[in-house]
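[1] sequence and predicted model, in that order:
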Amino acid sequence: MSADANVKPTSLYGQDYHLWLDDTATHLKSRNFDALDLENLIEESESLGGSDKRSLRGACQVCKVG
């Protein structure tokens, strides 16, 4: 979960990240798109790529050292 000053502390995302993930997955599976927290879903989706890049970069550095 990334820190964001725009996240409302009263939102499920701000209160319980794992419950928010479960809730989001349920809405997606049932195609209940109107109920999605799009702002936070977009933010989390965009951050996934950065996390993967950092992990790959770190793995490559370990291989160079070893």
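    Arrived safely.

[2] run through this structure and note the low-pLDDT ranges.
    Within the chain, the stretches with pLDDT under 70 are 1-9, 65-66.

[3] grab the longest helix from this protein for me.
    Ranked by number of residues, the top helix in the chain under DSSP state H is helix 38-65.

[4] can you give me the buried ones in that one?
    N40, L41, E43, E44 (16 or more other Cβ atoms under 10 Å). (Glycine included, C-beta is placed from N, CA and C.)

[5] in JSON lines: those residues, plus distance to T26.
    Converted to JSON lines, the buried residues of helix 38-65 look like this (distance: Cβ to Cβ, whole Å):
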{"residue": "N40", "distance to T26": "15"}
{"residue": "L41", "distance to T26": "13"}
{"residue": "E43", "distance to T26": "19"}
{"residue": "E44", "distance to T26": "16"}
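
[6] farthest pair in those?
    With distances taken as Cβ to Cβ, the most widely separated pair in the buried residues of helix 38-65 is L41 and E43, at 7.3 Å.

[7] what residue is smack in the middle of this structure?
    By Cα atoms, centre = their mean, the mean C-alpha position of the chain lies nearest to E44, the distance being 2.9 Å.

[8] gap between that one and L12?
    For E44, the distance to L12 (Cβ to Cβ, to the nearest Å) stands at 13 Å.

[9] any shared contact partners between these two?
    By Cβ atoms under 8 Å, 6 or more residues apart in numbering, E44 and L12 have no common neighbours.

[10] great, nothing more from me.
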